[in-house]
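>>> Give me the fold of what follows.
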Amino acid sequence: MGSSVPETGGSRVQAVSPVLSKDVERDVRLFWCANAADSLGSQASGVVLPLLLLGLGYSPAVVGLVAGVSTATGLILGPLVAVPADRGARKPVMFWSAVVSALAMGSVAVALAVAEGRPSLVHLLAAVLVERTATACYEAAARGTVALISAPENLPRVVAGLEAGDRGALVAGPALGGMLYQASRALPFVLDAVSYAVTAVCVRAMRSNLKADGAVPGSGRPPAAGSGRRSRGPSARRSVRGTWSALAAEASAGFRLVRATPLLRLVLVWTTAVNGVLAALYYDAVFTLQESGHGGTPMGLVLALSGAAGLAGSLAAPRLVRRLSPVRAVVAVSWLMIPLAAALATAGEPWTYGALFGGFCLIMPLATVILQARAIHGTPPELQARAGSVLATAAGGAAAMAPALAGLLTAHAGAAVPALVCAGVLALLALHTTFGAKRVLARGVPASDVPVSDVPAGDVPVSDVSTRGRGA
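Numbers count the residues shown, from 1 in each chain. Have a look, this model is predicted:
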């Protein structure tokens, strides 16, 4: 697996507290289990939540509002929560976020069971927002975990295991959620609550403290003179402004690191473009199949085929990473996606969509594993969560905006146009990757590429960025 990670810069990962090799492998398996359980529950409940809202008599506009607000909450909170995670509170944030999510989804299940199956919209909206907030906190904190529990040469295997868990959940989750929903409206949310509880148990059972050596746990500083409650003068206001300025500097450290690092810029462009394209193509398929008179079952077929192909690609990725040049692999995947997108412009039957989307999901994990492993290895441990939040926010933002753009293109130019536009975007991405990958992936990421001192962590203690309200 060593061919997929840079030879330099390894001291960043090795600098974490030493853990026995058997404990490292145990923590990796626990993290895989936590990720798979989280994904399975989220897929199962996520597919039935719109059905629940529509079944309770709420309009599609309300359903869209709930989905939009929950997505925006995750995108906004991620970079902020990444600060305490990077500074030593990663494990508590992950554990208590999973606990809060379990309680939120459990409350929905209880309300459906005891309120004659008709909980109030306020309760549902509050539970979804609490769960989405806690999940955003968990995801932001978890982004730095891989670098702290895995040796550099093992990164592709660990990343591929996480990908496989996500893909497996995509296959099994919606079907399981649908079956449970047919039996009882509450059961999918019971499953989601249990999955979060399993995640919390797995995180708590990990023996690593998940702290990077560069983190600054706790405040460790006495309060400045005159900073007590009675201080109300200009110095207190300057102190508050200084605290917020330092907090803003901490939160933006990941952005500055990504901007200054060629490898992370390549990963940002690649993942953002691919996520946006796939979201647009998926909704273009939904619009086309709906217009041609197909129901919801064909899209279930497309998702199932895509998930199965993605699972196969994720399982095969570690072996392929060992055998292939990372530059050639990423470039090849980038070019192979173009004809798949162009072919979707002529697709009309569910099986055709399923085969083409399956092709996407089969080849993508190879490039994703390589790029993620390189990004993890090339980022200082004390900035993992913040840099990861920048990448995730960009990719999530593109995926959130793409359906609207696909809808506009379909409505005004025809169903084939979004696929052709996406093929053009992928062609530009392939050109960019061809030249960028040769410059970046071939030479790795020097340890001194972006000194940590150039991305200051600021002087705000973790307690000033508290996770109060979620039990941390």
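
>>> which residues of the stretch 51-200 of the chain score low on pLDDT?
60-61, 64, 115-117 (pLDDT under 70).

>>> Tell me where it has helices.
60-84, 90-114, 121-142, 145-149, 155-183, 187-205 (DSSP state H, counting those that start in this stretch).

>>> among those helices, which is nearest F287?
helix 60-84 (14.7 Å; C-beta to C-beta). No exception for glycine: its C-beta is placed from N, CA and C like everyone else's.

>>> ok, and for the closest one, which residues are buried?
Residues 62-63, 66-67, 70-71, 73-75, 77-84 are the ones in helix 60-84 that count as buried (16 or more other C-beta atoms under 10 Å).

>>> Need the helices of the stretch 51-200 of the chain in JSON lines (columns: distance to L409).
Formatted as JSON lines, the helices of the stretch 51-200 of the chain follow (distance: least, C-beta to C-beta, whole Å):
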{"stretch": "helix 60-84", "distance to L409": "19"}
{"stretch": "helix 90-114", "distance to L409": "36"}
{"stretch": "helix 121-142", "distance to L409": "29"}
{"stretch": "helix 145-149", "distance to L409": "37"}
{"stretch": "helix 155-183", "distance to L409": "26"}
{"stretch": "helix 187-205", "distance to L409": "34"}
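
>>> ranking those by burial, who's on top?
Of the helices of the stretch 51-200 of the chain, the one with the most neighbours on average (mean count of other C-beta atoms under 10 Å) is helix 145-149, at a mean of 25.

>>> Measure how far that helix is from the centre of its chain, please.
Computed by C-alpha atoms, centre = their mean, to the nearest Å, the chain-centroid distance of helix 145-149 equals 15 Å.

>>> list the helices and strands that helix packs on?
Here helix 145-149 touches helix 11-14, helix 21-55, helix 90-114, helix 155-183, helix 350-377, going by 3 or more C-beta pairs under 8 Å, 6 or more residues apart in numbering; DSSP states H and E.

>>> residues contacting the residue nearest the centre of the chain?
What sits nearest the mean C-alpha location of the chain, by C-alpha atoms, centre = their mean, is A392, with 5.6 Å. Applying C-beta atoms under 8 Å, 6 or more residues apart in numbering, one finds that A392 lies in contact with G78, E139, A140, R143.

>>> Closest one of the residues you listed to V198?
E139 (16.4 Å).

>>> what residues are up against that closest one?
Going by C-beta under 8 Å, 6+ apart, E139 touches G74, G78, A392.

>>> export these to JSON lines and tack on distance to A151?
Below are those laid out as JSON lines (distance: C-beta to C-beta, whole Å):
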{"residue": "G74", "distance to A151": "31"}
{"residue": "G78", "distance to A151": "27"}
{"residue": "A392", "distance to A151": "24"}
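
>>> Between the residues you listed, which sits nearest I363?
Closest to I363, out of all of the contacts of E139 and judged by C-beta to C-beta, is A392, at 21.8 Å.

>>> Report the secondary structure state of the residue nearest to the centre of the chain.
helix (DSSP: H, G, I helix; E, B strand; the rest coil).

>>> picking that back up, list just the nearest of the contacts of E139 to G436.
Relative to G436, the closest of the contacts of E139 is A392; by C-beta to C-beta it sits at 20.3 Å.

>>> separation between that closest one and V267?
11 Å (C-beta to C-beta, to the nearest Å).

>>> again, but for V122
V122 is 40 Å from V267, by C-beta to C-beta.

>>> Ok, L187 next?
39 Å.

>>> next one: G78
Counting by C-beta to C-beta - G78 and V267 are separated by 16 Å.

>>> Next: R167.
R167 is 20 Å from V267, by C-beta to C-beta.

>>> Could you say which one of the helices of the stretch 51-200 of the chain comes nearest to L366?
helix 155-183 (9.2 Å).

>>> which other helices and strands contact the closest one?
helix 21-55, helix 145-149, helix 187-205, helix 296-323, helix 350-377.

>>> Name the stretch among those helices that sits most buried.
Taking mean count of other C-beta under 10 Å, helix 145-149 is the most buried of the helices and strands packed on helix 155-183, at a mean of 25.

>>> Surely L30 is in contact with L210?
No. With contacts counted by C-beta atoms under 8 Å, L30 stays clear of L210, the gap being 11.4 Å.
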